[in-house]
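> Sequence plus predicted model, see below.
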Amino acid sequence: MGKGTIVLAYSGGLDTSICIPLLKERYEYDRVVTVAVNVGQRDEEIDIATKKGKKLADRHYTIDAREKFVREHIYPAIRANGSYEGYPMGTSLARPLIAEEVVKIARKEGATAIGHGCTGKGNDQLRFDFIIRSAGLEVVAPIRELNLTRDWEIDYAKQHGIPVPVKKSRPWSMDENCWSRSIEGGRLEEPEYHPPEEIYLWTVSPQKAPDKPEKITLAFERGLPVAMNGKKYPGYELIQKLNVLAGKHGIGRNDMIEDRILGLKARENYEHPAATVILMAHHDLESLTLTRQELVFKRTVDDKWSELAYKGLVYEPLYAALNAFIDTTQERVNGTVDLELFKGSVRVLGRSSPDAIYSSDLVSFDSAAIDQCHAIGVSHYFGIQARMVMQLQKKRK
């Protein structure tokens, strides 16, 4: 008798595919049940994961969580202007949801352990472990626990007749959902290496983007995008349409050195065309509809929200509290933002809102609605403490 059933979070890639035989050979599990969660990957990726899971595992599930991912994770990220070290987060947003769906299947299958294919060097191990352990289940991570290398995995896959999409000459590790796509591994880990164009699937090179700019209008209600160019779309559909449109113009590439949770610096490449456009438009609309004090404080809140989301700490009580504050501010973030897409860049052309804290009559240089002399009294006291310090310093010299 072995250890019974283990449920494996499955992507169809190299790491999770070799985990299936490893869990039986090295860990003595009798059954391996795989779970692929659709959070907006390309259809062919889901098809591959489903076919391989059915072939290699004892039982396989494919869960469609696309709308749930948008509703429960992308929407809060938009409202919080969610970004980490300058790029829109994607992988980190999806991991808690994937882990939760795998936990549900573990309960259904009567398993007491969940496996994943994360290494011991990245962030995903912590995001998965947090959700799994919060559910009271055991974590099994063969890649991490056996100290496996990419080359060893490729050789092992060949020995076991497991088809994998990577080669030693092109060992890219890719992850995608509808909000973001990440590419790493191989020579991409070298900070000085110039990534080949072949790693990009969602965006064209800005040099090959159309020579004519394209203008679009995004409409927001309560901080969420609801329409493009006057036509309303469900959240998932709008994101996918904008991924194609912005990607055609080469928008949404990031090549950066990122600080991982463990403290390691890593070279990362990302594609996130829709996220880039939506977050820019949302941030701009906030500047028109929120007060100065709200904007200043919300920047701090957004940064903390992004830190917790990056770490996958979605059960942290502070995460819920931050979301509650952010949701309150978004009641007035309504309106439209006009943008121009052109050769890798996006810029705001204009914005309007029924909740705008803006008066052209008050701010215009050609208006007499405000008596300018009223500012004289303010000016007398403006910076008075700094002026007093300067006077004291002069007296001491």
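Arrived safely, thanks for sending.
> in the helix or strand of the chain with the lowest mean pLDDT, what counts as buried?
Ranked by mean pLDDT, DSSP states H and E, the weakest helix or strand in the chain is helix 360-363, scoring a mean of 76. Buried residues in helix 360-363, counted by 16 or more other C-beta atoms under 10 Å: none are found. Where you see a C-beta, it was placed from the backbone N, CA and C, and this is true even at glycine.
> And D211, how far from R181?
26 Å (C-beta to C-beta, to the nearest Å).
> Tell me which of those two has more neighbours.
The neighbour count for D211 versus R181, taken as other C-beta atoms under 10 Å, is higher for R181 (27 against 6).
> doesn't I199 make contact with that one?
No - the criterion here is C-beta atoms under 8 Å, and R181 misses it with I199 at 9.7 Å.
> Could you pull up the mean pLDDT of stretch 365-378?
Mean pLDDT, stretch 365-378: 84.
> For that stretch, measure first residue to last.
Terminal residues of stretch 365-378 are spaced 19 Å apart (C-alpha to C-alpha, to the nearest Å).
> For that stretch, which outside residues touch it?
With C-beta atoms under 8 Å, 6 or more residues apart in numbering as the test, stretch 365-378 has contacts from 359-362.
> Swap in 10 Å and give it another go.
359-364, 382 (C-beta atoms under 10 Å, 6 or more residues apart in numbering).
> Next: stretch 349-362.
Contacts for stretch 349-362 (C-beta under 10 Å, 6+ apart): 213, 215-218, 220, 281, 284-292, 294, 331-340, 366-370.
> gap between it and the chain center?
Distance of stretch 349-362 from its chain centroid, counting by C-alpha atoms, centre = their mean, to the nearest Å, is 30 Å.
> how about the helices of the stretch 101-250 of the chain, start to end?
124-134, 142-145, 150-159, 235-248 (DSSP state H, counting those that start in this stretch).
> hey, least reliable of the ones you listed by pLDDT?
helix 150-159 has the lowest average pLDDT among the helices of the stretch 101-250 of the chain, namely a mean of 92.
> In that helix, which residues are buried?
Buried, per 16+ other C-beta under 10 Å, within helix 150-159: 150, 153-154, 156-157.
> for the residues you listed, which one is nearest S83?
S83 lies nearest to R150 out of these, by C-beta to C-beta, at 28.9 Å.
> From S364, how far off is the residue lying closest to that closest one once chain neighbours are set aside?
Spatial nearest neighbour of R150, chain neighbours left out: P171 (5.2 Å); criterion: C-beta to C-beta, 6 or more residues apart in numbering. As judged by C-beta to C-beta, P171 and S364 stand 60 Å apart.
> which of those two has more neighbours?
Just comparing P171 and S364: by other C-beta under 10 Å the higher neighbour count belongs to P171, 19 against 11.
> which residues of the stretch 51-200 of the chain score low on pLDDT?
Residue ranges of the stretch 51-200 of the chain with pLDDT under 70: 166-169.
> And the strands in it, which stretches?
Secondary structure of the stretch 51-200 of the chain, counting by DSSP state E, counting those that start in this stretch: strands at 59-64, 83-84, 87-88, 113-115, 138-140, 173-176, 181-184.
> so what's the spatially most central residue of the chain closest to, chain neighbours aside?
In the chain, the centroid-proximal residue (C-alpha atoms, centre = their mean) is G90; its distance is 1.9 Å. Take G90 and drop its neighbours on the chain: the residue closest to it by C-beta to C-beta, 6+ apart is S180, 2.0 Å away.
> so I257 is in which element?
I257 is part of strand 253-259, with elements assigned from DSSP states H and E.
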